[in-house]
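**Student:** Give me a model of this one.
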Amino acid sequence: MTVNDMRAQSAAEVKNELLVLLRTQFNLRMQISTQQNNNTSELGKVKKNIARAHTVLREMQMKVVGK
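**Tutor:** Model (predicted):
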């Protein structure tokens, strides 16, 4: 999901997406640690998407506050 897609969503939808990404990150870490998944690049992609979601949520908070 791109940043523009996230910005088009509501704050609640972005929070739900963030929860899904955090669960995915946890599952990938467990799969990598138990050697069920050798594709470690997926974890990096999920981490970047988590950071994007946090950034978009912060932008939305700043719009509401007006700073």
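**Student:** Please identify the helix or strand for the closest residue to residue 11 other than its chain neighbours.
**Tutor:** Leaving aside its chain neighbours, residue 11 sits nearest to residue 60 (5.1 Å; criterion: CB to CB, 6 or more residues apart in numbering). Bear in mind the C-beta positions are built from the backbone N, C-alpha and C, glycine included. Here residue 60 is covered by helix 41-65, with elements defined by DSSP states H and E.
**Student:** which helices and strands sit right next to that helix?
**Tutor:** When contacts are defined as 3 or more CB pairs under 8 Å, 6 or more residues apart in numbering; DSSP states H and E, helix 41-65 sits against helix 3-8, helix 11-33.
**Student:** Determine the angle, from 0 to 180 degrees, between that helix and helix 11-33.
**Tutor:** Counting by axes from the mean of the first three to the mean of the last three CA atoms, to 10 degrees, helix 41-65 lies at 160 degrees to helix 11-33.
**Student:** Not counting its own residues, what contacts helix 41-65?
**Tutor:** Applying CB atoms under 8 Å, 6 or more residues apart in numbering, the contact partners of helix 41-65 are 1-3, 6-7, 11, 14-15, 17-18, 21-22, 24-25, 28-29, 32.
**Student:** Relative to residue 9, how far out is the residue nearest in space to the middle of the chain?
**Tutor:** The centre of the chain sits closest to residue 50, judged by CA atoms, centre = their mean, with a distance of 2.4 Å. Per CB to CB, to the nearest Å, residue 50 is found 15 Å from residue 9.
**Student:** for this structure, which spans come out with low pLDDT?
**Tutor:** 67 (pLDDT under 70).
**Student:** can you do 90?
**Tutor:** For the chain, applying pLDDT under 90 flags the ranges 1-2, 37-38, 64-67.
**Student:** any idea how far residue 61 is from residue 47?
**Tutor:** In terms of CB to CB, residue 61 sits 21 Å off from residue 47.
**Student:** do the same with residue 38
**Tutor:** Residue 38 is 18 Å from residue 47, by CB to CB.
**Student:** And the two? Which one has more around it.
**Tutor:** residue 47 (13 against 7; other CB atoms under 10 Å).
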